[in-house]
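K.L.:
sequence plus the predicted model coming up.
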Amino acid sequence: MTGAPVLEVERLIKHFPVGGGLLSRRKVVVRAVDGVDLQVRPGRTFGLVGESGCGKSTIAMLLAKLLEPTAGRIRFDGRDVSGLRGAALKEFRRRVQIVFQDPYGALDPRQTILSALTEPLFTLGVVSGRARAVERATESIGLMGLDPEVLKRLPHELSGGQRQRIVIARALAVAPQLLVLDEPTSSVDVSVQAQILSRLEELKARQGLTYVLISHNLVVVRYMSDVVAVMYLGRIVEMAESARLFASPLHPYAAALISAIPVPDPEARTVAALARGDVPSPVHMPAGCRYHPRCPYAERVCREADPPLTEVQSGHHAACHFPGVAFRQAR
Amino acid sequence: MARRDREPPVLEVRDLSLELSIRGRWVRALDGVSLTIHRGEALGLVGESGSGKSLTALSVPGLLPDNARVVGGSIRVMGEDTLGRSERDLAALRARSVAFVFQNPTSYLNPMLTVGRQIAEVFEQSPELLDASGRAGALSRGERRRRAWLKSIESLRLVRIPDPDRIVRQYPFELSGGMQQRAVIAMALARRPHLVIADEITTALDVTVQAQILSLLSELRRQIDMTLLLITHDLGIVAQLADRVAVMYAGSVVESADARTFFRAARHPYSQALLQAVPTIHGDRTVLRPIPGTMPALAAPPPGCRFHPRCPRVLEACARIKPEPVTTGPGQAVACHLYGSPAE
């Protein structure tokens, strides 16, 4: 790992109050993000993986400053982002761009693609003058492998894959430093996914971009990421270099996730349902280790004490009382 | 297998062609689709969106949308023709023979009824399921209800729902997505259908829950000799569950093979491209090979082989003649000019 982190997150917490009823005195809180620390180095891809409700998309919104944290700190390029105002905030918005999963919702149905791409260029003050903006939009569309002809179109005239590439092109047009990709390919077919992922890989190398990739798809995260963090109920439960985490997961949840991926090889019928039941609600957080009700290796200590994320091996962090237990037993 | 080959296939689709009305114009959405599934087999029908895999599946139990019309071919379930049947006959077919499980269990379950009530209804409507000796007609109404309720608990047990005596009294919203999907599977299996069609049934589920449902299906296949048509875009799921694979592209089956052969030696350039477009979890970071271009629009399909504009191994004939399936090995048929044509 080289260079100072471009992004540092410390003890990040985001709680959402949910209605406990008008007359209810009981305050109910969804602990969407519940104490997350992470660092992202420049030019690298940080993959954040987990199932629905684990808080990964909330982190995406927090990183892009579309939500304010309940507590904790986010530093971008060495600067705390919480106090950013005016020109500094505008500059932050240019340098940190976010791409969402749903390319329908992210584009105005009545706006041409050209106007969708040039609008942020003006608002964020990236270019002045229409000719320059059109040039920039055309260039950006080309980066995602699209024909400039699409600029004249409306969103409904395009396929889902084209729309998703347009949304990425729009984020790239403002020349960001950090791209937060929230499920960038989960609404497209595999052949389109392959096109988008390989473009993103090329661009990262060519333009020195940094990515935070958020996905429920482990295969995509494995393919794209240098460092991977696995989230469960608002916490990171394991974090390591991608190859290492996938080869020898230390947390039983990470091991269950990895073994749950259907491998495209009938000779290796491996689908093992290692995790019991479903993810519990982030309102009624289990005591002790949050994963213990689903963990086949849970012991008494797991029901009582919440294990912190610790560096179990050099560069390999896990939050488990018995790190490596699932991996050892699978051998 | 030999015994089963003599009985009629559970499902036989021959040269099925279908048109969809899109903005007032009829366009060809399925173009000569053929599939065969024998008893106890699981066929994985794979393809990307717009390939026609769901339309093919929906046409079997007569669930096609209003803007679709069959223009050729035949569909036989247990040897009986199903095309052109009345809605009444089709409803009977769906009740007896063909069960369909969809992607989204919440839209399939009635939110106002307990899970047990919904499954019990299936049994009450078909009292022959309640008494193996065929005297169910003689049962009192109360006795029928009691037996149907017990049967619904048994059904939940079959799909490995923990604590079925409690779950049977719960409403759908009280269950997690994985449990709902299990309840829907229980309902589909209640009448012991000849064929179960599962259309992307794990797509909406989390990966650990998906693994639970996949291992349930694979256990059920052994336990009750379930015949399965599995519609999915995920080649991993096919590899884990299916005996045979059929790949669809732009309305046609381009390759069919047994699963081992397919994953070891897929022959059609589209099948090969599809396999290389999926990143894998194991080993080193592999280079993804995206498939250039996009799936053609139904309204303007390219002439000849519909894959030819994107094909890395295109021949002169590909733009002119639509290739017919050619047998390239035991249990493997490929519709591609690289492997000759049936006439030669």
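P.N.:
Sure, I can see it. Numbers count the residues shown, from 1 in each chain, chains lettered A, B, ... in the order given.

K.L.:
any idea how far the residue in the stretch 201-331 of chain A that chain B sits nearest to is from A:Arg303?
P.N.:
At 3.2 Å from chain B, A:Pro262 is the closest residue in the stretch 201-331 of chain A, using CB to the nearest CB. C-beta coordinates here come from the backbone N, C-alpha and C atoms, glycine included. Between A:Pro262 and A:Arg303 the distance, using CB to CB, to the nearest Å, works out to 32 Å.

K.L.:
neighbour-wise, which of the two wins?
P.N.:
Remark: of A:Pro262 and A:Arg303, A:Pro262 carries more neighbours, 25 against 13, as counted by other CB atoms under 10 Å in any protein chain shown.

K.L.:
how about the contacts made by the more buried one?
P.N.:
A:Val271, B:Gln210, B:Ala211, B:Leu214, B:Asp234, B:Gly236, B:Ile237, B:Ala239, B:Gln240 (CB atoms under 8 Å, 6 or more residues apart in numbering or on different chains).

K.L.:
test my guess that the second one contacts B:Glu200.
P.N.:
So that's B:Gln210. No: contact between B:Gln210 and B:Glu200 fails when scored by CB atoms under 8 Å: they sit 11.0 Å apart.

K.L.:
show me which of these two is the more surrounded one.
P.N.:
The residue with more neighbours, out of B:Gln210 and B:Glu200 and counting by other CB under 10 Å, is B:Gln210; that gives 25 against 19.

K.L.:
doesn't that one lie inside a helix?
P.N.:
Yes: when the secondary structure is assigned by DSSP: H, G, I helix; E, B strand; the rest coil, B:Gln210 falls within a helix.

K.L.:
which one is it nearest to, not counting chain neighbours?
P.N.:
B:Thr202 (4.1 Å; CB to CB, 6 or more residues apart in numbering or on different chains).

K.L.:
same question, B:Ile213
P.N.:
Leaving out its chain neighbours, B:Ile213 is closest to B:Thr202 (CB to CB, 6+ apart), at 5.3 Å.

K.L.:
likewise for B:Leu275?
P.N.:
B:Ala266 (5.9 Å).

K.L.:
list the contacts for that neighbour?
P.N.:
By CB under 8 Å, 6+ apart, the contact list for B:Ala266 reads B:Val247, B:Glu255, B:Ala257, B:Gln272, B:Leu275.

K.L.:
what is the neighbour count of the nearest residue to the residue of the stretch 201-331 of chain A closest to chain B once chain neighbours are set aside?
P.N.:
For A:Pro262, the nearest residue in space outside its immediate sequence neighbours is B:Gly236; the separation is 3.2 Å by CB to CB, 6+ apart. Summarising burial for B:Gly236: neighbours were counted as other CB under 10 Å, giving 21.

K.L.:
wait, is B:Gly236 part of a strand?
P.N.:
No: according to three-state DSSP, the state of B:Gly236 is helix, so it is not within a strand.

K.L.:
so it makes contact with A:Pro264?
P.N.:
Yes: look at B:Gly236 against A:Pro264 with CB under 8 Å: they come within range, at 4.7 Å.

K.L.:
identify the contacts common to the two.
P.N.:
Shared between the contact lists of B:Gly236 and A:Pro264 (criterion: CB under 8 Å, 6+ apart) are residues B:Val278.

K.L.:
how about the contacts made by whichever residue of chain B sits closest to chain A?
P.N.:
Of all residues in chain B, the one sitting closest to chain A is B:Gly236 (3.2 Å; CB to the nearest CB). Counting by CB under 8 Å, 6+ apart, B:Gly236 touches A:Ile261, A:Pro262, A:Val263, A:Pro264, B:Val278.

K.L.:
can you lay out the contacts of B:Ala266 as a markdown table showing secondary structure and pLDDT?
P.N.:
Below are the contacts of B:Ala266 laid out as a markdown table (DSSP: H, G, I helix; E, B strand; the rest coil; pLDDT from 0 to 100):
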| residue | secondary structure | pLDDT |
| --- | --- | --- |
| B:Val247 | strand | 97 |
| B:Glu255 | strand | 97 |
| B:Ala257 | strand | 97 |
| B:Gln272 | helix | 94 |
| B:Leu275 | helix | 91 |
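
K.L.:
from those residues, which is closest to A:Ala194?
P.N.:
For A:Ala194, the closest of these turns out to be B:Leu275, at 11.0 Å, with distances computed as CB to CB.

K.L.:
for B:Gly116, which three-state class applies?
P.N.:
For B:Gly116, the reduced secondary structure class is helix; criterion used: three-state DSSP.

K.L.:
ok, for it, nearest residue in space, not its chain neighbours?
P.N.:
In space, and not counting its chain neighbours, B:Gly116 is closest to B:Val168: 3.4 Å by CB to CB, 6+ apart.

K.L.:
my guess is B:Leu16 meets B:Leu30, correct?
P.N.:
Yes: A contact is recorded between B:Leu16 and B:Leu30 when judged using CB under 8 Å, the distance being 5.6 Å.

K.L.:
which one's more surrounded, the two?
P.N.:
When B:Leu16 and B:Leu30 are compared on other CB under 10 Å, the one with more neighbours turns out to be B:Leu30, at 29 against 25.

K.L.:
please, which helix or strand holds the more buried one?
P.N.:
strand B:25-37 (DSSP states H and E).

K.L.:
next SSE after that strand?
P.N.:
Stepping forward along the backbone from strand B:25-37, the first helix or strand reached (DSSP H and E) is strand B:42-46.

K.L.:
can you list contacts of the helix or strand just after that following strand?
P.N.:
Per DSSP H and E, the first helix or strand lying C-terminal to strand B:42-46 is helix B:53-59. Outside helix B:53-59, the residues within contact range by CB under 8 Å, 6+ apart are B:13, B:16, B:18, B:20, B:29-30, B:33, B:35, B:45-47, B:64-65, B:68, B:70, B:75, B:100, B:197, B:199-200, B:229, B:231, B:248.

K.L.:
if you drop the residues flanking it in sequence, what lies closest to B:Val326?
P.N.:
The shortest distance from B:Val326 to any residue other than its chain neighbours is 4.9 Å, reached at B:Tyr339 (CB to CB, 6+ apart).

K.L.:
wait, doesn't the one you found sit right on B:Gln332?
P.N.:
No: assessed by CB under 8 Å, B:Tyr339 is found out of contact with B:Gln332, at 9.7 Å.

K.L.:
more neighbours: the two, which one.
P.N.:
Applying other CB under 10 Å to B:Tyr339 and B:Gln332 shows that B:Gln332 carries more neighbours, namely 22 against 17.

K.L.:
run a quick neighbour tally on the residue nearest to B:Ser126 when sequence neighbours are not counted.
P.N.:
Taking CB to CB, 6+ apart as the measure, B:Ser126 lies nearest to B:Arg191, with 6.0 Å between them; neighbours along the chain are not counted. B:Arg191 is flanked by 18 other residues according to other CB under 10 Å.

K.L.:
can you give me the helices for chain B?
P.N.:
Assigned by DSSP state H, chain B shows helices spanning B:2-6, B:53-59, B:87-96, B:105-108, B:115-125, B:141-158, B:164-167, B:177-189, B:207-224, B:235-241, B:259-265, B:269-276.

K.L.:
pLDDT weak spots in chain B?
P.N.:
Per-residue confidence for chain B (pLDDT under 70) gives these ranges: B:1-5, B:132-137, B:282-287, B:341-344.

K.L.:
tell me the bridge partners for B:Leu16.
P.N.:
Applying DSSP bridges to B:Leu16 gives these bridge partners: B:Val33.

K.L.:
what do you get for the one 10 residues further on?
P.N.:
On the basis of DSSP bridges, B:Trp26 is bridged to B:Ser21.

K.L.:
is it true that it touches B:Leu18?
P.N.:
No: in this structure, B:Trp26 is not within contact of B:Leu18 by CB under 8 Å, at 10.1 Å.

K.L.:
more neighbours: those two, which one.
P.N.:
With other CB under 10 Å as the criterion, B:Trp26 and B:Leu18 differ in neighbour count, and B:Leu18 comes out ahead with 22 against 14.

K.L.:
so the helix ranked longest in chain A versus strand B:42-46, what angle?
P.N.:
Determined from DSSP H, the single longest helix within chain A is helix A:190-207. Between the axis of helix A:190-207 and that of strand B:42-46 there is an angle of 50 degrees, by axes from the mean of the first three to the mean of the last three CA atoms, to 10 degrees.
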